[in-house]
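Q: model the following, please.
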Amino acid sequence: MIEDSRTKARALLAKGVDFHGHLGPFLILGLRMGVIAESLLKPQNQNALTATILVKGSPPTSCVIDGVQVSSGCTLGKGTIRVEEASDRIVGKFRTSGRACTITVKNQVVNELLRDLTKESDRVIIEMAEATMNRSDDELFEAA
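A: Numbers count the residues shown, from 1 in each chain. Next comes the predicted model:
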């Protein structure tokens, strides 16, 4: 995995929040997944990268999709991102010019976030997003 996706994800944070409408931990995970994919695959341009995101198709986990769109340039409008239903995991499969990588959010991370989101106060959600941004790539993801 790349050394650290946090710096570039932080630089994209305002754009991500503007696009998505609010700050949350699953948006952060999506931002970081796209940053990691771009770093690993080094696409020639934003149209060269495609993504398939496997995720439960409803919030809060589906918020990952917006983060990936912002950070990778793969968008529904361009047809460079597809979403497939997955019940209990979050996986991004990225491809460019014969190269591919798979980035999986660790199940423990998803379970922790879903458990803590039951408190559902804006303050808790923002704190969870900040904590997610501060965790290392190795704590959050497995990449292949």
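Q: CA only for contacts and neighbour counts going forward, please
A: OK.
Q: phi first, then psi, for the residue nearest to the spatial centre of the chain.
A: Centrality entry for the chain: nearest residue to the mean C-alpha point is Gly30, 1.2 Å, by CA atoms, centre = their mean. Dihedral pair for Gly30: phi -60, psi -40, per degrees, to the nearest 10.
Q: show me the helices in the chain, by range?
A: With DSSP state H as the criterion, the chain has helices at 6-20, 25-41, 63-72, 107-116, 122-134, 137-140.
Q: now do the last one, average pLDDT.
A: By that I understand helix 137-140. Here helix 137-140 scores 96 as its mean pLDDT.
Q: and what of the second one?
A: Confidence over helix 25-41, taken as the mean pLDDT, stands at 97.
Q: now it against helix 6-20, angle please.
A: 130 degrees (axes from the mean of the first three to the mean of the last three CA atoms, to 10 degrees).
Q: check contacts around Asn111.
A: Contacts for Asn111 were tallied using CA atoms under 8 Å, 6 or more residues apart in numbering; there are none.
Q: ignore the last one, Ile103
A: Counting by CA under 8 Å, 6+ apart, Ile103 touches Met33, Ala37, Val91, Gly92, Lys93, Phe141, Glu142, Ala143, Ala144.
Q: tell me the one of the residues you listed nearest Gly73?
A: For those, the minimum distance to Gly73 (CA to CA) is 10.9 Å, reached by Ala37.
Q: and the residue nearest to the centre of the chain, what does it touch?
A: Cys63, Val64, Ile65, Asp66, Gly67, Val68, Gln69, Ser71.
Q: number of residues surrounding the third one?
A: The reference is to Ile65. Other residues near Ile65 come to 31 when the count uses other CA atoms under 10 Å.
Q: from now on call the first residue 46
A: Sure thing, new numbering starts at 46, so read that last one as Ile110.
Q: without its sequence neighbours, what residue ends up closest to it?
A: Taking CA to CA, 6 or more residues apart in numbering, and ignoring the residues beside it in sequence, Ile110 has Gly75 as its nearest neighbour in space, at 6.1 Å.
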